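Student: Predicted structure and sequence below. I'll ask about it afterward.
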Amino acid sequence: MAAQLVPPADIAADPTLTDWRYVVGSIRAEFVAPSFPDGAALIAAIADAAEAADHHPALHLRWPGAVRVDLWSHDAGGVTARDLALARTVSTLAAAAGATPRPAGVQVLEMTIDTADADRIRPFWMAVLGYGDDPDAFVDDPAGFGPPILFQPMDDGRSQRNRIHFDINVPHDVAEQRVAAALAAGGTLVSDARARAWWVLGDADGNEACICTWQDRD
């Protein structure tokens, strides 16, 4: 039996998880170590802790010492108690390494294509990107580095509107700030009918992007 999923609201309210944010089915954290070697050492410490727990996160290291950690339970399809336990361990290791948490820095980019026939165009995007076909009907990078491509059903063509838009999934506590920054940068608010799940924004040419969070979803 798969482990029970933890609701995003419980994660957001947990005082032991202030370094972490729930974004698109996982909890994510970013820590900035004093140097690149310090970041590499933190990665190694996290890897040892993950091996001891038999639960392995996705780890990324970037100059000058930024460490990103993504945690979810593959067998359960989301965040479980074992993710939270390892997250607390990671935070302890990061603090011991002198790494500063930067929770507002985490986000997940998705590209969404409006189409009346996803099956017709999916093979093209798989071919040009070298992606695999996900059982949930979107195209995913098998290496886990590139953004997934989602196909959004539509009834008819949109001759006056771009069919490709970006979904930027951000921590719930930075979404409104991100929307405000986009509007201040010359964007327009196309729709906030589904806020706080997402806001639809457009640039000066009418190209669209959605700022998305886990909040207010069915």
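Tutor: Structure's in. What do you need? Numbers count the residues shown, from 1 in each chain.

Student: burial of the nearest residue to Ala118 once chain neighbours are set aside, as a residue count?
Tutor: Of all residues not flanking Ala118 in the chain, Phe151 sits nearest, at 3.7 Å (Cβ to Cβ, 6 or more residues apart in numbering). Where C-beta positions appear, they are placed from N, C-alpha and C, glycine not excepted. By other Cβ atoms under 10 Å, 18 other residues sit near Phe151.

Student: can you tell me how far Phe151 sits from Asp117?
Tutor: 9 Å (Cβ to Cβ, to the nearest Å).

Student: just Pro15 next, same as before
Tutor: Counting by Cβ to Cβ - Pro15 and Asp117 are separated by 48 Å.

Student: Neighbour count for these two, which is higher?
Tutor: Asp117 (10 against 5).

Student: Would you tell me what the next helix or strand after the longest helix along the chain is?
Tutor: In the chain, taking DSSP state H as the definition, the longest helix is helix 36-53. Using DSSP states H and E, the helix or strand that follows helix 36-53 towards the C-terminus is strand 58-62.

Student: What pairs with that next one, parallel or antiparallel?
Tutor: strand 66-71 (antiparallel) (DSSP bridges).

Student: shaky segments in the chain?
Tutor: Applying pLDDT under 70 to the chain flags residues 1-2, 133-137, 156-162.

Student: Start from the N-terminal end of it and give the helices.
Tutor: Under DSSP H, the chain gives helices at 8-13, 36-53, 81-96, 118-129, 175-184.

Student: orientation of the third one relative to helix 36-53 in degrees?
Tutor: Our comparison of helix 81-96 with helix 36-53, counting by axes from the mean of the first three to the mean of the last three Cα atoms, to 10 degrees, yields an angle of 150 degrees.

Student: how far is helix 81-96 from where the chain is centred?
Tutor: In terms of Cα atoms, centre = their mean, to the nearest Å, the centre of helix 81-96 is found 19 Å from the chain centre.

Student: what residues does that helix touch?
Tutor: 3-4, 6, 11, 14, 16-17, 19-20, 26-27, 29, 31, 33, 42, 45-46, 49-50, 53, 55, 57, 67, 69, 71-73, 101 (Cβ atoms under 8 Å, 6 or more residues apart in numbering).

Student: buried set for that helix?
Tutor: Residues 82-84, 86-87, 89-91, 93-94 are the ones in helix 81-96 that count as buried (16 or more other Cβ atoms under 10 Å).

Student: And the last one, by the same measure?
Tutor: Burial within helix 175-184, assessed by neighbour count using 16+ other Cβ under 10 Å, is assigned to 175, 178-179, 182.

Student: of those, closest to Ser191?
Tutor: Nearest to Ser191 among those: Val179, at 11.6 Å, using Cβ to Cβ.

Student: correct me, but the closest one touches Cys212?
Tutor: No - Val179 is beyond contact range of Cys212, at 10.8 Å (criterion: Cβ atoms under 8 Å).

Student: so, if you compare the buried residues of helix 81-96, which one comes nearest to Arg217?
Tutor: Checking the buried residues of helix 81-96 against Arg217 by Cβ to Cβ gives Asp83 as the nearest, at 19.5 Å.

Student: Could you report the distance from the closest residue to the closest one other than its chain neighbours to Ile27?
Tutor: Spatially, and ignoring its direct neighbours in sequence, Asp83 is nearest to Leu71 (4.4 Å; Cβ to Cβ, 6+ apart). Distance, Leu71 to Ile27, by Cβ to Cβ: 5 Å.
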